[in-house]
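> the following block contains a protein sequence and its predicted model.
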Amino acid sequence: MQIPMADDYTFFRHRRRDQYVINMMRRILLRIIQLIFILLILSFLVFLLMYLAPGDAAEKRLMSQGVAVTKEMLTAERERMGLLRPFFVRYGEWLFGVLRGDFGLSVKDDLPVAPKLLAGLKNTTALAGGSLLLTLLFAFPAGILSAVRQGGIPDHILRILSFAGNSMPNFLLSILLMYAFCVRIRLFPIIAEGGIEGLVLPSLSLAIPMASRFIRQIRAEILTELSAEYVRGMRARGVKERYILFGNVLRNASGHILTTIGLQVGTLMGGSVVVESIFRWPGIGKLVMDSITARDYPVIMGFVLVMGTIYVVINLLTDIAYRVLDPRTSTHA
Amino acid sequence: MKKIRSPRQKKKILKIRMAAAALAAMILVLTAVFAEAFAPNDPYKTSAALIRTAPCREFLFGTDNLGRCVFSRVLVGARTTISATVFLVAVSFLIGTIVGMLGGYFGGILDEVMMRIADVMLAFPQMVVAIAVAGILGGGLAGAMIALGITMWTGFARLARSHTLSIRNEPYIEAARLCGVSPVEILGRHILPNILAPVLTSALTQIGTTMIGISGLSFLGLGVVPPQAEWGSMISEARAYIQIAPWAVLFPALATILTIVVFNYLGDAVMEYREL
């Protein structure tokens, strides 16, 4: 058998790394193609749902104008709104419109839907960002403390608190916070019409249940990591505990924690609808609730599509980041 | 210093926790079933004279804006919330388990199609889909349940599938297959009992989340139609006059939290016990 020369080794090693990068790229590309398909399916389902929805948009429109509806008027209105054409033509037109950033006109006031969604999205992003920030600021120290001093008094208190927070629907939390801070102690305004101080209570309502979930997750991840062989080895070699924790354990646990953040985005979106409509925060969630009441289908369609897209993209990004942080996942799968 | 317990001691503690949680859950379910017998007043009877009475002997939790007894409404509301949740989880569990088992056992195109459907369902944020679907279906408890169920079965399907995959080539299954046992019987008698425990545990942990979902949708006005008593919608109605009659919000809120805590605790205890 021929023994490979030293040069061959380096050759193989480089090739392996190249192969790794290529594999990763291929996987990411595959995921992006998959994502496009998923979004196409989503758009189709959304359109189908609206198509099958009870109630006739043309009738609704005429009724809202307060005139007595005759059959001829109804047909004319349907013709004008393009409701008489075949399903797939309408779907195609809607889809191409969406791709160009045109989500159609709101049934309620004939204004284009896209700017409405955009304005709402801006406010919702502020709310979501605020609550995510609060969550991370609180959950990281708490989770680490809980794990490092496992079984201690802070650990017990944090575990009870996070369990309670996890069992608390956010609409309840919002109302209780509102009652405590707006009715009892008049610290914040009840209606959050923009502004930073209006943002505090809504973000808190979203952050508390989320932080509870994070504390549990971070605690569990760090505990698993702390029981690994290498930690024992480092301790035996007298490496400082602080270095073990921040240099190795946290780094290794970060992949899973990141995935949790990605998955929480979905919960955050649902929660923001509830919280926004309670605090009257002018975000996309309040917009969609108002539109549901008014049966304003184009806005609801836009909402689902926009939220679905954001969710899918964020999950793709966390997936990529996870692979970069933990290269084992791409060589295995 | 942290206490060191042997696995056996741990198991014993967990068993006690499980029993306590199961007992509490049983009490809640029984209360919900026999709500009408416990209710001191008619939960739907309105009275102009008794509007927003503070809690007293006759009305333990006070009355709401229409003079209805909050205590009776909380009791009857328990039935709406708990039965809707349990029913939804049970149906999702059933569909998910069957789909997952079929896919895992037979594989092939059936498996491929079902798992891709599950992938698509899983790709969207659950509550967003639920709000849109419930909003379009136009309220009603059934609409809310369909809206949540659309995405829920996929979790069970994936779990059942992966467990089925891990045991489908075990010798006893091979043996049964070689003996000419029909696939239906293999699935029902050999695979199902072996995958039931993990999937059932997962179902148990889903109860709390589902309850939050259903009462959340009701709160938004997308679930239960008034005047039917349900905690989420009661809270939603009463929050308009929370300054005058905080009890009309507080007691349904406490009931919701208590119920979710009990079911979450039960789910956690069972899961920890199984992991030990």
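That came through, no problem. Just so it is clear, the structure is predicted and the values come from calculations on it, not from any experiment.
> tell me which residues touch the nearest residue to residue B:126 once chain neighbours are set aside, please.
Distance criterion CB to CB, 6 or more residues apart in numbering or on different chains; nearest residue to residue B:126, sequence neighbours excluded, is residue B:151 at 4.6 Å. Every C-beta, even on glycine, is put in place using the N, C-alpha and C of the backbone. Contact analysis of residue B:151 by CB atoms under 8 Å, 6 or more residues apart in numbering or on different chains lists B:121-122, B:124, B:126, B:129-130.
> and the residue of the stretch 101-250 of chain B nearest chain A?
The stretch 101-250 of chain B approaches chain A most closely through residue B:127 (2.2 Å), counting by CB to the nearest CB.
> surely that residue meets residue A:273?
Yes. Counting by CB atoms under 8 Å, residue B:127 touches residue A:273, with 7.1 Å between them.
> the residue of the stretch 101-250 of chain B closest to chain A: how many residues sit nearby?
Residues near residue B:127, counting by other CB atoms under 10 Å in any protein chain shown, number 25.
> got the buried residues for the helix or strand that contains the residue nearest to residue B:126?
Here residue B:151, judged by DSSP states H and E, is contained in helix B:141-167. For helix B:141-167, a neighbour-count test (16 or more other CB atoms under 10 Å in any protein chain shown) marks B:141, B:143-145, B:147-161, B:163-165 as buried.
> C-terminal to it, what's the next element?
helix B:171-178.
> rounded mean pLDDT for that following helix, please.
Here helix B:171-178 scores 89 as its mean pLDDT.
> could you give the angle of it to helix B:141-167?
Interaxial angle, helix B:171-178 versus helix B:141-167 (axes from the mean of the first three to the mean of the last three CA atoms, to 10 degrees): 100 degrees.
> would you mark the buried spots in helix B:171-178?
B:173, B:176.
> show me where pLDDT drops low in the chain?
All of this refers to chain A. Residue ranges of chain A with pLDDT under 70: A:1-17, A:54-57, A:60-61, A:64-67, A:82, A:189-196, A:326-333.
> hmm, I had chain B in mind actually
Applying pLDDT under 70 to chain B flags residues B:1-4, B:46, B:48-53, B:57-60, B:139.
> top helix in it by residue count?
helix B:70-106 (DSSP state H).
> I'd like the next helix or strand past that one.
That would be, after helix B:70-106 and using DSSP H and E, helix B:108-122.
> please identify which helix or strand holds the nearest residue to the residue of the stretch 101-250 of chain B closest to chain A once chain neighbours are set aside.
Once flanking residues are discounted, residue B:127 sits nearest to residue A:270: 2.2 Å by CB to CB, 6+ apart. If you go by DSSP H and E, residue A:270 is part of helix A:250-279.
> right, is the one helix or strand residue B:256 maps to up against chain A?
Element membership for residue B:256, per DSSP H and E: helix B:247-275. Yes. Under the criterion of CB under 8 Å from any CB of the partner chain, chain A is reached by helix B:247-275 at B:249, B:253, B:256-257, B:260-261, B:264-265, B:268.
> quick check: angle from that helix to helix B:70-106?
Angle between the axes of helix B:247-275 and helix B:70-106 is 30 degrees (criterion: the same axes, to 10 degrees).
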